[in-house]
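>>> this one's sequence-less:
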């Protein structure tokens, strides 16, 4: 397989898995906390200090906010689809990196499979379709580890200890330094087994640390200076770390089921990884090995111990969650492919036969489902573009599954079937879940109501002390969030504020010089909000004015 063909394969399959209906379901979880600061950055031009509700958001660094804002600029709209696109980009970036960097050690199909296994795990299929940090963070850590593994085993120390640390720096800008502990937990055992622990004090590694710091530190220093409360910010960052160790707040039920959640997150590849790991057994140096092969074996031995140690620590954290383990998934995918290649032909054959039968059934069921969906989906979705996409996937499956099903039983064909099944089922399901999620009380409904109440597009819209107000993402016009009465506007405007703040003394004094029309009192996101139209006295429009 040519390198360009591997890049195309990863790109096409990643697009098939993630792009259809990426914005079908409204925001969920922590997505508004990532998107609202991005919109504020675009509106204010302040890219250094993330803000929500007019107040500084201190808990997370801004790289995801920057990425979402950049996606809004590139796509030309503030849509859910655009906000989630950076997660898809980074998953695809890991797949391409693995397909290109690991070819020397794992072969063309093996290197390709590392990325495809990662992008088709249940955890990535979930987090990769969200404007959240987990997929991006795991992919950045995975890119750093894959590049280090490939270059270090080949003896390219300067490359191995510099470029990967750039991606570790991006990881720090995304979620902070937690991934560094996991990365070094994977790396150090390999150095120990290869008797290269001195690499940690080598010039290339020290330069890599400087490079990583150069990525993260400038924003940190400028942010701390601009916020004027650097101690509070760093205290929140430190508290985020120490809270995870607070045994007094442990949720025992969640703590006990966390190992099962991690195994579930790695499906459908969990059984195959366990089987390949068990079949491979201990890895020992072999007589007559080349230096590169010996280093790779030491790296694999170290990665096994690193994954076990990382999982043990993360699973024992009193206030951890299963998603904290996801940065280990790229290394687990690498192990799966490496171990499968080590299994003897006699051991592999019965497993491949059963696996091929399962794949044959799943693959052709997916093809049949895609064929039906290609006809039925446009009727229900009132769309025609879906027909072309599903038709392309069907043609791809028909061409590739029969050809490679037997001799490539764990590489591309299962992934083609997996992509077809998941893209088709998820796409059709999400297209119908969208209206279900768009029910009374949801963010989209609130956004439509607010847009209808604020028809005069020339009049500024001010959200006063609304704090974390998720529905703002669905307001189809520019707005400004403020947290202090000193920043209230001097002219005509719409003002949206919590009803309880209407009696605030500073706000009442501000309104004394205005003609005020109350347009609505509504309960949004469990809070009562008031919508006011204000005009300087003598300039007010009649109450029945269309604006």
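Structure received. The model shown is predicted, which means the values in this text are computed figures rather than measured ones.

>>> Tell me which stretches of this protein form strands.
If DSSP state E is used as the criterion, the strands of the chain fall at 51-52, 55-56, 461-464, 480-482, 493-498, 514-524, 527-536.

>>> Any idea which of those strands gets closest to residue 68?
Of all those, the one in closest proximity to residue 68, counting by CB to CB, is strand 51-52 (13.4 Å). Every residue, glycine included, has its C-beta placed from N, CA and C.

>>> circling back to that earlier point, lowest average confidence across the strands of the chain, which one?
Mean pLDDT is lowest for strand 55-56 among the strands of the chain, at a mean of 86.

>>> Just checking: what are the partner strands of that strand?
Sheet neighbours of strand 55-56, with direction, are listed as strand 51-52 (antiparallel) (DSSP bridges).

>>> export the strands of the chain to CSV and tack on distance to residue 100 and mean neighbour count?
Converted to CSV, those look like this (distance: least, CB to CB, whole Å; neighbours: other CB atoms under 10 Å):
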stretch, distance to residue 100, mean neighbour count
strand 51-52, 39, 20
strand 55-56, 40, 16
strand 461-464, 46, 23
strand 480-482, 43, 20
strand 493-498, 50, 22
strand 514-524, 48, 15
strand 527-536, 50, 18
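
>>> Relative to residue 43, tell me which of those wins on proximity.
When these are compared (using CB to CB), the closest one is strand 480-482, at 6.9 Å.

>>> Give me the sheet partners of that closest one and which way each runs.
Each strand that strand 480-482 pairs with, and the sense of that pairing, follows from DSSP bridges: strand 461-464 (parallel).

>>> which residues touch stretch 172-181?
Residues outside stretch 172-181 that contact it (CB atoms under 8 Å, 6 or more residues apart in numbering) are 60-64, 133, 136-137, 140-141, 168, 171, 212, 215-216, 219, 237, 240-241, 324, 327.

>>> From these, keep the buried residues only.
With neighbours counted using 16 or more other CB atoms under 10 Å, the contacts of stretch 172-181 contain these buried positions: 60-64, 133, 136-137, 140-141, 168, 171, 212, 215-216, 219, 237, 324, 327.

>>> Touching, residue 168 and residue 212? I think so.
Yes: with the criterion set as CB atoms under 8 Å, residue 168 and residue 212 qualify as a contacting pair; they are 5.0 Å apart.

>>> what about the helices in the stretch 51-200 of the chain?
Under the criterion DSSP state H, counting those that start in this stretch, helices of the stretch 51-200 of the chain are mapped to 63-75, 80-101, 103-119, 122-127, 134-153, 157-160, 163-175, 178-193.

>>> How far does the shortest one sit from its chain's centre?
It refers to helix 157-160. Averaged C-alpha coordinates place helix 157-160 at 28 Å from its chain's average position (CA atoms, centre = their mean, to the nearest Å).

>>> The second one now?
Between the centre of helix 80-101 and the centre of its host chain there is 9 Å, according to CA atoms, centre = their mean.

>>> and it, what's its mean pLDDT?
This predicted structure assigns helix 80-101 an average pLDDT of 95.

>>> So what does residue 320 have for phi and psi?
The phi and psi values for residue 320, taken as degrees, to the nearest 10, are phi -90, psi 180.

>>> residues near it, how many?
Neighbouring residues of residue 320 were enumerated by other CB atoms under 10 Å; the total is 18.

>>> Next, work out how far apart it and residue 296 are.
In this structure, residue 320 and residue 296 are 31 Å apart, going by CB to CB, to the nearest Å.

>>> Next: residue 277.
Distance, residue 277 to residue 296, by CB to CB: 17 Å.

>>> What of residue 157?
Following CB to CB, the distance that separates residue 157 from residue 296 is 15 Å.

>>> Between these two, tell me which one has more neighbours.
Neighbour totals were compared for residue 157 and residue 296, and residue 296 leads with 24 against 16 (other CB under 10 Å).

>>> Could you double-check that the more buried one sits in contact with residue 153?
Yes: under the criterion of CB under 8 Å, residue 296 is in contact with residue 153, at a separation of 4.4 Å.

>>> tell me the domain ranges of this structure?
When the chain is parsed with automatic domain parsing, its domains come out as 3-343, 349-437, 443-536.
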